[in-house]
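S.K.: sharing a model prediction with you, sequence too.
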Amino acid sequence: MDPVFAYRMKVRDYECDTQGHVNNANYQHYFEVTRHEMLEKAGLSFHELHLQGIDAVVSRVEIRYKAPLIGMEAFECSVLRIERTGVKYVFHQEIVRLSDNAVCAKAKIEVVNLVNGKLAQPEVFDKAFAEVYLIHFD
């Protein structure tokens, strides 16, 4: 199955721990960068949305680490699919090392939408995803 969106990056040396592996917390950064790039491609700016009182916030993160990335390795972080349940989006993501196509990490990240600080339906995101990525939610 082709991913909904993919973004290529490279490990920076300062993201590694003393064993030379990417520190576990940095994987969450990679997943977030990819979601932000995906939104930008869909024509949405986190900053502009915030100025309008609309904030997408992470409510839960589950990451399974499979194989380590090390300094200067190139990788692709993908959004495999997106589900919506009520006001919650669930992003299924993975990181694949480009040199050998090894899956390094898989994530399930739940995001909710706040409008002026209150939980709300993610209509602006539904519309953007439908137009750019042809994703429709019930």
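M.R.: Nice, I can see it.

S.K.: after the longest helix seen in the chain, next one along is what?
M.R.: Looking across the chain with DSSP state H, the single longest helix is helix 24-41. Per DSSP states H and E, the first helix or strand lying C-terminal to helix 24-41 is helix 46-51.

S.K.: outside of the lowest-mean-pLDDT helix or strand in the chain, which residues touch it?
M.R.: Each helix and strand of the chain was given a mean pLDDT (mean pLDDT, DSSP states H and E); the minimum falls on helix 123-133 at a mean of 90. For helix 123-133, the external contacting residues (Cβ atoms under 8 Å, 6 or more residues apart in numbering) are 4-5, 38-39, 41-44, 49, 54, 56, 82, 84, 89, 113, 135-137. All C-beta atoms are positioned from the backbone trio N, CA, C, and that covers glycine.

S.K.: what angle separates the longest helix of the chain from helix 123-133?
M.R.: Interaxial angle, helix 24-41 versus helix 123-133 (axes from the mean of the first three to the mean of the last three Cα atoms, to 10 degrees): 80 degrees.

S.K.: identify the residue nearest residue 113 in space, chain neighbours excluded?
M.R.: Excluding the flanking residues, the one nearest residue 113 by Cβ to Cβ, 6 or more residues apart in numbering is residue 122, at 4.0 Å.
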